[in-house]
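> Fold the following for me, if possible:
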Amino acid sequence: MITMPARKPRRSAAATRRTPLLLDRATAKRQLADDTYDVLVIGGGITGAYAVLDAASRGLRAALVEKDDFASGTSSKSSKMVHGGLRYIEQGNVNLVRHSLLERHRFRKNAPHLVHRLPFLFPILEKEGIFDARLARGFEGLLWTYDLVGGWRIGKLHQRLTVPEVLAQAPTLRAENLQGGLMYFDARTDDARLVLTIVRTAAALGATVLNGAKAEGLLMQSGKVAGARVAVDGDSVDIRARAVVNATGVWTDELDAKAVEGHRPQVRPAKGVHIVVPWDKVRINCTVTVPIPGRARRATCTRWGNSVVLGTTDEDYQGSPDDVHCTRQEMDFLLEGANTAFEGKLTADDVVGSIGGLRPLVGGKEGATLDMRRDHHISIGRTGMVTVTGGKLTTSRHMGELVIDKVMTVLGRRAKSRTSSLPLLGGAGYDAEAVAASGGIAAHLGERFGTEARFVGDLIQEDPTLAEPVVAGLPYTKAEVVYAARAELARSVDDVLSRRMRARLFARDASADAAGAVGAILGRELNLTEAEVERSVSDYLAAVRHEKSVLLEGAAA
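Presented below is the predicted three-dimensional model:
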């Protein structure tokens, strides 16, 4: 193996910046066409994002392309948990749990503005619960294992709660069979913003990143993959690269088939769904795990501000990966689970948003997806393309590190990963307590942008009208739309309302009402024609209508 010196990474660029990092599509397109890269990562979900960041942190000339928007696939439709995974202990995969808890700790250090501690409550019920008092004793043993293998790093060990203590956390839980509870601690994140922040951190270190850039073919040289032909904004761009990474998630087999004739599919999609209801309908202060009647599954109910997210994962999926939504049947069994556990009566009319996503599991077609392992798989194909599949959000940093280790093998180079202690943009110097105490817009921006919030605040100082809310009932401001266009490569109303903000998930109908205002701001910032603005708005409204028809009317997804 030939050892070559790597470029010295600009590590300070990912720490505290004095000026905002502005990303420009035209510049990125020109760089992609003109440069030759050490590595091209295809796929802008959490795995691809951390792969390109790892590459840039080692000093490689790196690029990332995503066919739609960053995190538009699985990575904006996850459970949003950064966790070790109690279920994996139950499956005997203690090593995965130990490693996941270490990675959770690293996330909380490197992105303290985005990854927050979250208590999880398991009610102990005399009957019709996940477990009774007898099973709770065995489950508490699992919690001790969880704490000992790394859960302790979050600063709190699990607790056994009395009935009054359980009801203090979840006052609407049905109390007739309640015998107490067990609480342990994990973390949560806004998954779409986390991915975007990782991508932007890579750009701060010199990587070229672009969304709306679909890899339609692979460039070959002497039988080896040497880049990709990408369709972007109506143009075709050939991106030359010495190594290529396939990080396309549930679309992995589609790209692998372009590299190797006769490729056999490896990915088995597993569907997860979540719905959102107003907090005052459930009134919980943590995540409560409840059973789904008649099913060997659990549902989680998690407070997010004035909303509660109800979700479950891991149903086999056979449909199109490009059109995944929560269905009427899936919504009904989530509502049934919540209504069994809590007082009151949730109905379909209470559901203000929903998502459906696919997890790219690796393995055979037999057995329940619930029982399949979550380990990742990384390989170098015979044409030299590095393919990564499986894994989970919590271990994405380590997956990115291992992917680039494989890339270094392809390149014949050596350089160590630096991401285990690399702060993401907005994370260095972030003071969570001070931000929380500030209240109002300052606290809202701080929890989304970290120390970079001052750049959004500067926009408001220049034009106080940008402090106005853009979506009724939600704290997002017009300034954040401007910033999304200038600094976050937002191209459309959907990019803004579905991922730069989570308005479509937390207030679907109100977000539709705001589509015109968002389109107008994007039109001014991106110099769009009136027809382009109208198309962006109408596309968003059509997508919302389709989502609602699948959810409420049982239309085909």
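> ok, residue 184 - contacts?
Applying CB atoms under 8 Å, 6 or more residues apart in numbering to residue 184 gives the contacts 86, 119, 120, 143, 146, 147, 151, 157, 158, 159. Backbone N, C-alpha and C define where each C-beta goes, glycine included.
> which among those residues end up buried?
86, 119, 120, 143, 146, 147, 151, 158 (16 or more other CB atoms under 10 Å).
> ok, of those residues, which one's closest to residue 461?
residue 119 (37.0 Å; CB to CB).
> returning to that earlier point: export the buried ones among the contacts of residue 184 as JSON lines, with columns for secondary structure, pLDDT and distance to residue 430.
As requested, those are exported to JSON lines (DSSP: H, G, I helix; E, B strand; the rest coil; pLDDT from 0 to 100; distance: CB to CB, whole Å):
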{"residue": "86", "secondary structure": "helix", "pLDDT": "77", "distance to residue 430": "29"}
{"residue": "119", "secondary structure": "strand", "pLDDT": "95", "distance to residue 430": "22"}
{"residue": "120", "secondary structure": "strand", "pLDDT": "94", "distance to residue 430": "24"}
{"residue": "143", "secondary structure": "helix", "pLDDT": "88", "distance to residue 430": "30"}
{"residue": "146", "secondary structure": "helix", "pLDDT": "89", "distance to residue 430": "27"}
{"residue": "147", "secondary structure": "helix", "pLDDT": "91", "distance to residue 430": "26"}
{"residue": "151", "secondary structure": "helix", "pLDDT": "89", "distance to residue 430": "23"}
{"residue": "158", "secondary structure": "coil", "pLDDT": "91", "distance to residue 430": "27"}
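> okay if I get those as JSON lines plus distance to residue 186?
Converted to JSON lines, the buried ones among the contacts of residue 184 look like this (distance: CB to CB, whole Å):
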{"residue": "86", "distance to residue 186": "9"}
{"residue": "119", "distance to residue 186": "8"}
{"residue": "120", "distance to residue 186": "6"}
{"residue": "143", "distance to residue 186": "11"}
{"residue": "146", "distance to residue 186": "9"}
{"residue": "147", "distance to residue 186": "11"}
{"residue": "151", "distance to residue 186": "8"}
{"residue": "158", "distance to residue 186": "11"}
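> From those residues, pick the one nearest residue 452.
Of these, the one sitting nearest to residue 452 (CB to CB) turns out to be residue 119, at 28.0 Å.
> so the closest one touches residue 169, yeah?
Yes. At 7.4 Å, residue 119 counts as touching residue 169 under the criterion of CB atoms under 8 Å.
> what's the overlap in contacts for the two?
Residues touching both residue 119 and residue 169 (CB under 8 Å, 6+ apart) are 183, 286.
> Confidence-wise, which helix or strand of the protein is lowest on average?
In the chain, the helix or strand scored least confidently by mean pLDDT, DSSP states H and E is helix 86-90, which has a mean of 75.
> Going by neighbour count, which residues of it are buried?
Neighbour-count burial for helix 86-90 [16+ other CB under 10 Å]: 86, 87, 88, 89.
> The nearest residue to residue 162 once chain neighbours are set aside: what's it in contact with?
Nearest non-adjacent residue to residue 162, counting by CB to CB, 6 or more residues apart in numbering: residue 180, 5.7 Å away. Shown in contact with residue 180 (CB under 8 Å, 6+ apart): 123, 124, 133, 136, 160, 161, 162, 163, 165, 166.
> rerun that using 7 Å as the cut-off
Going by CB atoms under 7 Å, 6 or more residues apart in numbering, residue 180 touches 124, 160, 161, 162, 163, 166.
> Go through those residues and name the one with the lowest pLDDT.
Confidence by pLDDT is poorest for residue 124 among those, given 90.
> rewinding a little: show me how to select, in ChimeraX, the buried members of the contacts of residue 180.
Burial among those is assessed by 16+ other CB under 10 Å; the matching ChimeraX selection reads:
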select :124,161,166
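> Can you flag which of the contacts of residue 180 belong to strands?
Secondary structure from DSSP state E places 124, 160, 161 of the contacts of residue 180 in strands.
> The last one and residue 342: what is the separation?
To residue 342, residue 161 is 17 Å away according to CB to CB, to the nearest Å.
> can you list the weak-confidence ranges in this protein?
By pLDDT under 70, the weakly predicted segments of the chain are 1-16, 128-134, 293-297, 313, 363-374, 555-557.
> what would the contacts of residue 180 look like in JSON lines with distance to residue 258?
Converted to JSON lines, these look like this (distance: CB to CB, whole Å):
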{"residue": "124", "distance to residue 258": "52"}
{"residue": "160", "distance to residue 258": "54"}
{"residue": "161", "distance to residue 258": "54"}
{"residue": "162", "distance to residue 258": "59"}
{"residue": "163", "distance to residue 258": "59"}
{"residue": "166", "distance to residue 258": "53"}
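> Pick out the most distant pair among the contacts of residue 180.
So, those by CB to CB: farthest apart are 160 and 163, at 11.5 Å.
> coming back round to it: which single one of the contacts of residue 184 is nearest to residue 227?
Distances from residue 227 to these, taken by CB to CB, are shortest for residue 86, at 42.8 Å.
> Tell me who's in contact with the most centrally placed residue in the chain.
Closest residue to the average C-alpha location of the chain: residue 191 at 2.8 Å, with CA atoms, centre = their mean. Contacts for residue 191 (CB under 7 Å, 6+ apart) come out as 71, 75, 76, 78, 80, 393.
> Mind doing that once more with 10 Å?
By CB atoms under 10 Å, 6 or more residues apart in numbering, the contact list for residue 191 reads 45-46, 71, 74-82, 114, 357, 393, 499, 502.
> Show me the residues you listed that map onto helices.
residue 46 (DSSP state H).
> of the contacts of residue 191, buried ones?
Judged by 16+ other CB under 10 Å, buried ones among the contacts of residue 191: 45-46, 71, 74-82, 114, 357, 393, 499, 502.
> any idea how far the helix or strand hosting residue 536 is from the chain center?
Residue 536 belongs to helix 530-553 when assigned by DSSP states H and E. Chain-centre distance of helix 530-553: 22 Å, with CA atoms, centre = their mean, to the nearest Å.
> Quick one: list the elements packing against that helix.
helix 328-341, strand 353-362, helix 493-494, helix 503-506, helix 508-526 (3 or more CB pairs under 10 Å, 6 or more residues apart in numbering; DSSP states H and E).
> okay, the ones you listed in CSV with distance to residue 437 next?
Output for the helices and strands packed on helix 530-553, formatted as CSV (distance: least, CB to CB, whole Å):
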stretch, distance to residue 437
helix 328-341, 33
strand 353-362, 30
helix 493-494, 34
helix 503-506, 24
helix 508-526, 29
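> Residue 21: which of these is closest?
Per CB to CB, nearest to residue 21 of the helices and strands packed on helix 530-553: helix 508-526, 16.0 Å.
> quick one, the closest one and helix 530-553 angle?
For helix 508-526 against helix 530-553, the angle by axes from the mean of the first three to the mean of the last three CA atoms, to 10 degrees is 160 degrees.
> can you pull the contacts of residue 458?
20, 479, 483.
> For the second one, give its distance to residue 342.
With distances taken as CB to CB, residue 479 is found 37 Å from residue 342.
> Neighbour count: the two, which is higher?
Shown here are residue 479 and residue 342; by other CB atoms under 10 Å, residue 479 has more neighbours (26 against 22).
> Good, we can wrap up now.
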